[in-house]
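Trainee: sequence unavailable; structure follows:
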């Protein structure tokens, strides 16, 4: 009979987040030696990494941290909500965020090469995924530079960790308005800070589309310039944060709200799990 108790099974489960049956079988194989059982579970889990490679990671969480001069926003993805809300997965995200933020990484590629202990973050994630029994990946990493930061993490379900994360970099003293702007970004999902940041080729393509559309609608030739500019303004309102109508008062633009609050926005990042 194996030399272990129900308490040993629970201790192993709590330590690794592995299933009860897997933990029990590992202890049987290890003849009750918990450290050996840990290694058995790791090896068995790692053997499944290749099999999990093609799976889809549609669940997960977002997490953010402000540092001196910059803030970091990450998305850690999993296959299921069951794992996403697991304490071990949440702790894993916190560990990754701390390491990536300390390194000042600005991309996923950089973050995966950050050293954590004796291994890279990429290898560390693979080890932990082996224990969680699902494909886990660091899918997005964004860095925002600035003096001050507003962080907003939104839960789309009360039973899950945050699914939408926003960081807004700014200068000024009105932290409450800055946080409100971060909430607006979570809702309105702008792509650029201002219309000046929209690539010229993207603007030219949109201009050509609205001009062709207006002509096909039979609009008078003399009225076309005004119609085109009006529709381009609508285009900018969809994708440029400062041009957007403020979510809490659509009579005001975000630019006007920022001006009234004495703020200057220096950048933002938004990540939604799975998108």
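Mentor: Thanks, I have it. Keep in mind that what you see is a predicted model, and the values were worked out from it rather than measured.
Trainee: make it CA atoms for all contacts and neighbour counts henceforth
Mentor: Will do.
Trainee: residues in contact with stretch 216-229: which ones?
Mentor: With contact meaning C-alpha atoms under 8 Å, 6 or more residues apart in numbering, stretch 216-229 is reached by 207, 210-211, 214-215.
Trainee: now, which of the residues you listed lie within strands?
Mentor: Secondary structure from DSSP state E places none of the contacts of stretch 216-229 in strands.
Trainee: may I see the residues you listed organised as a markdown table, with neighbour count, pLDDT and distance to residue 266 added?
Mentor: Shown next, in a markdown table, are the contacts of stretch 216-229 (neighbours: other C-alpha atoms under 10 Å; pLDDT from 0 to 100; distance: C-alpha to C-alpha, whole Å):
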| residue | neighbour count | pLDDT | distance to residue 266 |
| --- | --- | --- | --- |
| 207 | 17 | 92 | 27 |
| 210 | 19 | 90 | 31 |
| 211 | 20 | 89 | 33 |
| 214 | 19 | 86 | 36 |
| 215 | 13 | 86 | 39 |
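Trainee: could you export those residues as TSV, including distance to residue 169?
Mentor: What follows is these, written out as TSV (distance: C-alpha to C-alpha, whole Å):
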residue	distance to residue 169
207	31
210	33
211	36
214	38
215	42
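Trainee: quick check, nearest of these to residue 201?
Mentor: Nearest to residue 201 among those: residue 207, at 9.7 Å, using C-alpha to C-alpha.
Trainee: once you drop chain neighbours, what's closest to residue 106?
Mentor: Among residues not flanking residue 106 along the chain, residue 143 sits closest, at 4.9 Å (C-alpha to C-alpha, 6 or more residues apart in numbering).
Trainee: so who does the one you found touch?
Mentor: Contacts of residue 143 by C-alpha under 8 Å, 6+ apart are 70-73, 104-107, 269.
Trainee: from the residues you listed, which is closest to residue 182?
Mentor: residue 269 (9.3 Å).
Trainee: tell me where the chain has helices.
Mentor: 6-16, 20-29, 34-47, 49-52, 81-84, 87-103, 108-112, 121-132, 175-188, 200-216, 224-239, 254-260 (DSSP state H).
Trainee: least reliable of these by average pLDDT, please.
Mentor: When the helices of the chain are compared by mean pLDDT, helix 49-52 comes last with a mean of 50.
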